[in-house]
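Visitor: please find the sequence and the predicted model below.
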Amino acid sequence: MSDSAYSLTLPGFLEDRLREFVGSAGADEVRGWLRPPDTVMSVETLRCMKASRLSFADLLLRRMINERWSIQRLSGECDEEGAGRFVYRIDANGHAFTYIARAYPWDGKEKVGRRSDGANRDMFGALFLGLADEARIAREFEVFDLRDVDAMRTDADVIGWTPANRSSRFFDEVVQALARGEQPELGQGAQYLMRNGGFQSSGRNGSISYQGIPADHPLCHPFFADLFAIYLVRLVSIDLVNAVARTRNPNAAQLATGIARQLGIGNSSGQGMCVALQRWPHWVSTWVTVRELALAYAKSRPVTAETRTTLTQLITKTAGLYDRLEPQSEDYVTPNTVLAADLRMISDWVDETTEGCWGDVAERVASAVDGETREQFNSLLLDLVPDFCDAIAPYLVIGAARQRQLKPQATVGDLRTVLRRNYPWALRTDRTLATSHQHFWYHSEDHGEQRRGDRIIDPHEEFESFIDHVGLIQRLASVLASYDDTVTAGEVVFRHPELHFAISRVQYLDGLPYAEIRNGLADRDFLPAHLIRFFLASLGIRFATPLSIRYVRGTFFQGTPLPEDVRTGTAAGGNAPPCVAKLRETAQ
């Protein structure tokens, strides 16, 4: 148990849910299993975190299955080169809305899937807020066919666009096999037919802002619109290969359901994710606080024969998945062979455990294996307490709504107290070394994404994006040193308007137990891939691996339910997240 855990104050919603489950005395015990923020919020720990039942894709899938969402293809046509149009209707918990997709013939070029691709994509889709009539659908298709990023505009009828690109390897292989009347043979590793090209939403291209989505809409939840759009691209990719194969051979085979379930959507994410984590630190705090509280609750639960059997099954399945994966690169990560072997060793320990609580087992695991295996075990522990996880999951919405706002009436003494309480790690950082702030980040107009440069050496430092929170805190502390405790924050900002951001940041994050990353992102030794992996795990990608220090590859929704599974309330798939596959037993 953590020695400093009792000093952590939980947000009110989470404290209330915890007491509902275990009472006041039990709540103290659970808080005793919370890990210290300085440990959890280090890049070394965050990079190791794995997707779990509290990841956003898992939450979305459970809602879709529990509410029996219906996704119906209303029309679909294409030629033998893959140029086509598809229209879908979605019915979700009393709401109905439209999704359309426009596919284009492949030009033989492998596309990187970045904003710099502009309108040069193999597919564009549009997710509407409600039902779109034929005229509105036709107008959106006309916009896509402009193929000119400067001319393409939509309106507030649309939640967002889904650009995507074909897999140059798998798409044609699958079509050719189906056209021969055969099923494709899927090899090891991540398999997908198309790659995600981003979700262009929240005002981009004229789409509705996130705040404009009605509160009762099923996609009015952090990341649900983004992830459901990716799920729909997955569906289009399956429908498209089936349709192309039929144009080449009327007697072509169609993808077998079992194979279709194993196909996800490829994804490659870059270092702009690190800037997002710094821009919205309350997001990070929300995700980590919910996960850590669920983990602490799971650790406090007693070992029983039932939970021992469940966890052993989960570990065995996960180890098998690591066995079957063949990542393109294993640089900067623990090799899959090590993860699989260590998980099987842990499974033996679980079999031998007959008393105590799961925290005792977790401590043994943490002392014996690497960080990635430890965090994989921790993610699996959450599946032992599904009711508690579901009870605290609404805080992911509540916490994301937190607003940064200056409190001008606060005094300098108040600010110094906040800095001493929440930022001793930042104040202790040695900034006299140039390596501690060697890098700067900027948004490249040419490439449409974040780039990282070396100070003094590279140009564009004057366009620096905010990434250096350590420098921000130290600058604030040094200015406050020249003021008496009774001076108000408003007076300080009046004299130093550049400190408005710093003061409002420390004020609105005060009271959040896991709010700031404990490492300098401008440091020479910081690897962006580490935090990209954390972000992707929070979204729900499993087994993400770095392509380099700046890009991380993974697959969304591989092995997860298809629309027919969702509509009937069942879950299937050999790679399905444990928390989704478990629904097969309860949803019928």
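Guide: Yep, it's here.
Visitor: from here on, just use CA atoms for contacts and neighbour counts.
Guide: Fine.
Visitor: host element of Ser347?
Guide: Element membership for Ser347, per DSSP states H and E: helix 336-352.
Visitor: can you list the buried residues in that helix?
Guide: 336, 338-344, 346-347, 350 (16 or more other CA atoms under 10 Å).
Visitor: contacts for it next, please.
Guide: 308-309, 311-312, 315-316, 318-320, 322-323, 325, 361, 365, 369, 372-373, 377 (CA atoms under 8 Å, 6 or more residues apart in numbering).
Visitor: which SSE is immediately downstream of it?
Guide: helix 358-368.
Visitor: that older thread, the helix holding Ser347 vs helix 358-368, what angle?
Guide: 140 degrees (axes from the mean of the first three to the mean of the last three CA atoms, to 10 degrees).
Visitor: helix, strand, or coil at Ser18?
Guide: Wrong residue type there; residue 18 is Leu, not Ser. State at Leu18, reduced to three classes by DSSP: H, G, I helix; E, B strand; the rest coil: helix.
Visitor: my guess is it contacts Asp28, does it?
Guide: No - assessed by CA atoms under 8 Å, Leu18 is found out of contact with Asp28, at 9.7 Å.
Visitor: still on that earlier bit, starting at the chain centroid, how far to the helix holding Ser347?
Guide: Using CA atoms, centre = their mean, to the nearest Å, the mean C-alpha position of helix 336-352 is found 26 Å from that of the whole chain.
Visitor: same question for stretch 265-278.
Guide: Using CA atoms, centre = their mean, the offset of stretch 265-278 from its chain centre is 9 Å.
Visitor: ends of that stretch, how far apart?
Guide: 27 Å (CA to CA, to the nearest Å).
Visitor: can you give me the buried ones in that stretch?
Guide: Taking 16+ other CA under 10 Å as the criterion, stretch 265-278 shows 265-275, 277-278 as buried.
Visitor: so what touches it?
Guide: Under CA under 8 Å, 6+ apart, the answer for stretch 265-278 is 113, 190-197, 230-231, 233-234, 283-284, 449-451, 465-467, 469, 528-529, 531-532, 535, 550-558.
Visitor: now that stretch: mean pLDDT?
Guide: When pLDDT is averaged over stretch 265-278, the result is 93.
Visitor: how about stretch 46-54?
Guide: Stretch 46-54 comes out at a mean pLDDT of 97.
Visitor: verify the stated contact: Thr98 with Val87.
Guide: Yes - if you go by CA under 8 Å, Thr98 and Val87 touch, sitting 7.3 Å apart.
Visitor: more neighbours: these two, which one.
Guide: Legend: neighbour count by other CA atoms under 10 Å for Thr98 and Val87, higher for Thr98 (23 against 20).
Visitor: quick one, what contacts that one?
Guide: Thr98 touches 87-90, 127-132, counting by CA under 8 Å, 6+ apart.
Visitor: filter those residues down to the buried ones.
Guide: Buried among the contacts of Thr98 (16+ other CA under 10 Å): 87-90, 127-132.
Visitor: between these, which is closest to Ile503?
Guide: Leu129 (37.7 Å; CA to CA).
Visitor: ok so Arg89 is a strand residue?
Guide: Yes - the assignment for Arg89 by three-state DSSP puts it in a strand.
Visitor: was I right to think it contacts Phe97?
Guide: Yes - using CA under 8 Å, Arg89 is in contact with Phe97, at 6.0 Å.
Visitor: please enumerate the shared neighbours of the two.
Guide: With CA under 8 Å, 6+ apart as the test, Arg89 and Phe97 both reach Leu131.
Visitor: about what we covered before: now, which of the buried ones among the contacts of Thr98 sits nearest Arg428?
Guide: Looking across the buried ones among the contacts of Thr98 and measuring by CA to CA, the closest to Arg428 is Leu127, at 47.9 Å.
Visitor: if we can go back for a sec, mind putting the buried residues of stretch 265-278 in JSON lines, secondary structure included?
Guide: Formatted as JSON lines, these follow (three-state DSSP):
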{"residue": "Ile265", "secondary structure": "strand"}
{"residue": "Gly266", "secondary structure": "strand"}
{"residue": "Asn267", "secondary structure": "strand"}
{"residue": "Ser268", "secondary structure": "strand"}
{"residue": "Ser269", "secondary structure": "strand"}
{"residue": "Gly270", "secondary structure": "coil"}
{"residue": "Gln271", "secondary structure": "coil"}
{"residue": "Gly272", "secondary structure": "helix"}
{"residue": "Met273", "secondary structure": "helix"}
{"residue": "Cys274", "secondary structure": "helix"}
{"residue": "Val275", "secondary structure": "helix"}
{"residue": "Leu277", "secondary structure": "helix"}
{"residue": "Gln278", "secondary structure": "helix"}
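Visitor: mind putting those in a markdown table, distance to Thr435 included?
Guide: As requested, the buried residues of stretch 265-278 are exported to a markdown table (distance: CA to CA, whole Å):
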| residue | distance to Thr435 |
| --- | --- |
| Ile265 | 38 |
| Gly266 | 35 |
| Asn267 | 32 |
| Ser268 | 28 |
| Ser269 | 26 |
| Gly270 | 23 |
| Gln271 | 19 |
| Gly272 | 21 |
| Met273 | 22 |
| Cys274 | 19 |
| Val275 | 19 |
| Leu277 | 22 |
| Gln278 | 20 |
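Visitor: which among these gets closest to Ala477?
Guide: Out of the buried residues of stretch 265-278, the member with the shortest distance to Ala477 (by CA to CA) is Gln278, at 19.2 Å.
Visitor: tell me the angle the host helix or strand of Ala296 makes with helix 358-368.
Guide: Applying DSSP H and E as the criterion places Ala296 in helix 281-300. Inter-element angle recorded for helix 281-300 and helix 358-368: 110 degrees (by the same axes, to 10 degrees).
Visitor: now helix 281-300: average pLDDT?
Guide: pLDDT averaged over helix 281-300 gives 98.
Visitor: how far off centre is it?
Guide: Relative to where its chain is centred, helix 281-300 has its mean C-alpha point 15 Å off (CA atoms, centre = their mean).
Visitor: same check, this time on stretch 137-144
Guide: 30 Å.
Visitor: related to what we said a few turns ago, could I have the buried ones of the contacts of stretch 265-278 as PyMOL selection syntax?
Guide: Paste this into PyMOL to select the buried members of the contacts of stretch 265-278, with burial taken from 16+ other CA under 10 Å:
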select buried, resi 113+190+191+192+193+194+195+196+197+230+231+233+234+283+284+449+450+451+465+467+469+528+529+531+532+535+550+551+552+553+554+555+556+557+558
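Visitor: so of the contacts of stretch 265-278, which ones are in helices?
Guide: The helices, defined by DSSP state H, take in 230-231, 233-234, 283-284, 469, 528-529, 531-532, 535 from the contacts of stretch 265-278.
Visitor: among these, which two are most distant?
Guide: Maximum distance among the ones in helices among the contacts of stretch 265-278 (CA to CA): 37.7 Å, for Arg234 and His469.
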